[in-house]
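> Task: produce atomic coordinates for the following.
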Amino acid sequence: MKDDSNQGGPLAGLRIIDITEVVMGPSATQMLADLGADVIKVEPPGGDMLRATGPAGRAGAGPLFLNLNRNKRSIVLDLKRPEGKEAALKLVRDADALVYNVRPQAMKRLGLDYEAVRQVNPRIVYVGTFGFSQRGRYAALRAFDDLIQAAVAIPEASTRAGSDVPRYAPLNLSDRATGLYAFGVICAALLARERTGRGQAVDVPMFETTAQMMLGDHLYGHTFVPPRGGFGYPRLLNPQRRPYATQDGLVCLVVYTDQQWKAFMQAVGEAERFESDARFADGESRTQHVEALYEIVAGKLKTRTSQEWRELLEPLGIPVLAAHTFESLLDDPHLKDIGFFQQFEHPTEGVLRTMAVPSEWPQTPLPPLRPPPLLGEHSAQLLAEAGYSPQQIADMVTTGVTQVTTVPREMEVAA
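Numbers count the residues shown, from 1 in each chain. Below is the predicted model of the structure:
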């Protein structure tokens, strides 16, 4: 029996068993849940470790957890115990996909590897998101976002781009990039199953996913054999590629095409220079001299206010946007126009802010947003759906195989 509480959306009717925690896996499964899939989050006793990260609430509702687990149902199962594994396999019977983000060796120790799971459900799509391809020497290594960022040379790129010390990107870049790719992989595998009737196991490793993303920009001259230049796309590694200071703030300005460079130089009184300076001749020349050209832009932008530059350059087809702070981003007028920030009533934490699903589906409207679940909020419901009697569920609670949390009041969703 499948849950009908998340009706609507292009993925309505799909059931996903989500054995993931922290960022990478939950980001992928939240995308599935946002589009209507019934995502069952299987948590260990104590819950996803991200529940306790940040200014956590009374129910272990830390901000990162809240922003990665909405629209899901939570069941607590101690998978290290036979009763917990048995319950997980009963949930798998009616599932379309199982997603996990521990190393495959750990899933095998739990008795939940692909061979065990496909015995219960041959049509299952079994997707692992973990550190490294299992075909290489790093297969058994642990992986975290910082480690993967370092492994694909993001800190080195930061120094080439002007950082005083090697730095990681200030977001969980590898986790979220791999989660986004895993979302697409899961959907593709489900489509393949509909066409062939066969499930399969698919691996989505962090290292290779992020390496492909990084080198897609920065393999550059080494794309050719033998190389026709060095590593690194100069425009992206240019130390002058940053928000520009104006008389009253910062703006982001991109001058890129022939037409845009000509229009910009005319607007700042340098039309003759555009025609005579060989650095402006074509895209290849501008790429070679991009740091010097961006330095010209930076110098010119200091002479007017941000609004004056917008009024001057936008009609010329040159994109200009203000550089937000975290605080000002919450007040962005475009995001207000589309209702991007929404609020809902959480059963223990009061009113919380969330972000709207960043896609629009007029033919298959998305279901209303539901708050992230309390730990074990749906344990009893899901075990009952799997065929357990009330007494069996009570016994599992007593022995610590599962945990049941009662919601103190009705959850409401407010736009």
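> For the stretch 51-200 of the chain, just list every one of the helices.
Taking DSSP state H, counting those that start in this stretch as the test, the helices found in the stretch 51-200 of the chain are 63-66, 82-93, 104-109, 114-120, 145-151, 154-160, 173-196.
> Same question for the stretch 301-415 of the chain.
306-313, 326-329, 333-337, 379-385, 390-398.
> Tabulate those helices (CSV), appending mean pLDDT, mean neighbour count and distance to A278.
In this view, the C-beta of every residue, glycine as well, is placed from N, C-alpha and C. CSV is the format used below for the helices of the stretch 301-415 of the chain (pLDDT from 0 to 100; neighbours: other C-beta atoms under 10 Å; distance: least, C-beta to C-beta, whole Å):
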stretch, mean pLDDT, mean neighbour count, distance to A278
helix 306-313, 94, 17, 24
helix 326-329, 96, 9, 40
helix 333-337, 97, 9, 39
helix 379-385, 97, 21, 68
helix 390-398, 97, 15, 76
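> Quick one: closest of the ones you listed to G54.
In terms of C-beta to C-beta, the element of the helices of the stretch 301-415 of the chain nearest to G54 is helix 326-329, at 14.5 Å.
> quick revisit: switch the helices of the stretch 301-415 of the chain over to CSV; also include distance to N101.
Conversion of the helices of the stretch 301-415 of the chain to CSV gives the following (distance: least, C-beta to C-beta, whole Å):
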stretch, distance to N101
helix 306-313, 42
helix 326-329, 28
helix 333-337, 30
helix 379-385, 20
helix 390-398, 25
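> looking at these, which is closest to E21?
Ranked by C-beta to C-beta, the member of the helices of the stretch 301-415 of the chain that lies closest to E21 is helix 379-385, at 16.5 Å.
> roughly how far out does the closest one sit from the chain middle?
Relative to the mean C-alpha coordinate of its chain, helix 379-385 is positioned 29 Å out (C-alpha atoms, centre = their mean, to the nearest Å).
> then that helix to PDB, C-alphas only?
Taking only C-alpha atoms (Å, rounded to 0.1, in the frame of the first residue of the first chain), the coordinates of helix 379-385 have been written out as PDB:
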ATOM      1  CA  SER A 379       7.000   4.800  11.900                       C
ATOM      2  CA  ALA A 380       3.700   3.300  13.000                       C
ATOM      3  CA  GLN A 381       2.000   4.300   9.800                       C
ATOM      4  CA  LEU A 382       4.600   2.800   7.600                       C
ATOM      5  CA  LEU A 383       5.000  -0.400   9.500                       C
ATOM      6  CA  ALA A 384       1.200  -0.800   9.400                       C
ATOM      7  CA  GLU A 385       1.400  -0.300   5.600                       C
END
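> Could you name the helices and strands sitting against that helix?
Other elements packing on helix 379-385 under the criterion 3 or more C-beta pairs under 8 Å, 6 or more residues apart in numbering; DSSP states H and E are strand 72-76, helix 390-398.
> Which one, of those, ends up nearest to D164?
Of all the helices and strands packed on helix 379-385, the one in closest proximity to D164, counting by C-beta to C-beta, is strand 72-76 (41.5 Å).
> Paired strands for that closest one, with orientation please.
Within its sheet, and counting by DSSP bridges, strand 72-76 is paired with strand 38-43 (parallel).
> Run the chain-centre distance for the strand it pairs with.
Mean C-alpha position of strand 38-43 versus that of the full chain (C-alpha atoms, centre = their mean) differs by 18 Å.
> List the contacts of it.
Contacts of strand 38-43 with the rest of the structure, by C-beta atoms under 8 Å, 6 or more residues apart in numbering, involve 2-3, 5-6, 14-21, 26, 29-30, 32-33, 48, 69, 71-77, 79, 88, 91, 95, 373, 375-376, 378, 382.
> so what's G230 scoring on pLDDT?
G230 is assigned a pLDDT of 96 by the prediction.
> Tell me which helix or strand it sits in.
Element membership for G230, per DSSP states H and E: none, as it lies in no helix or strand.
> how close does the nearest residue to it once chain neighbours are set aside get to G232?
Closest residue to G230 in three dimensions, ignoring its sequence neighbours and counting by C-beta to C-beta, 6 or more residues apart in numbering: G221, at 5.2 Å. In this view, G221 and G232 are 9 Å apart by C-beta to C-beta, to the nearest Å.
> neighbour count winner among these two?
G232 (20 against 14; other C-beta atoms under 10 Å).
> Show the pLDDT at the closest residue to the more buried one other than its chain neighbours.
Among residues not flanking G232 along the chain, H218 sits closest, at 5.0 Å (C-beta to C-beta, 6+ apart). Per-residue confidence (pLDDT) for H218: 97.
> hmm, back to that, out of the helices and strands packed on helix 379-385, which is closest to A292?
Between the helices and strands packed on helix 379-385, strand 72-76 lies closest to A292; by C-beta to C-beta that is 51.0 Å.
> Could you check that closest one and say which residues are buried?
Residues of strand 72-76 classed as buried: 72-76 (neighbour count, 16 or more other C-beta atoms under 10 Å).
> which residues are contacting stretch 144-152?
Defining contact as C-beta under 8 Å, 6+ apart, one finds that stretch 144-152 is touched by 23-24, 131, 155, 168-169, 172-175, 206-207, 210-211, 213-215.
> quick one: E308 from F264, how far?
E308 sits 14 Å away from F264 when distances are taken as C-beta to C-beta.
> dump the residue contacts of the closest residue to A384 other than its chain neighbours.
Distances taken as C-beta to C-beta, 6+ apart place I393 nearest to A384, at 6.9 Å, with adjacent residues excluded. For I393, the set of contacting residues under the criterion of C-beta under 8 Å, 6+ apart consists of 379-380, 383-384, 402, 404.
> Try it again at 10 Å.
Contacts for I393 (C-beta atoms under 10 Å, 6 or more residues apart in numbering) come out as 87, 379-384, 386, 401-402, 404.
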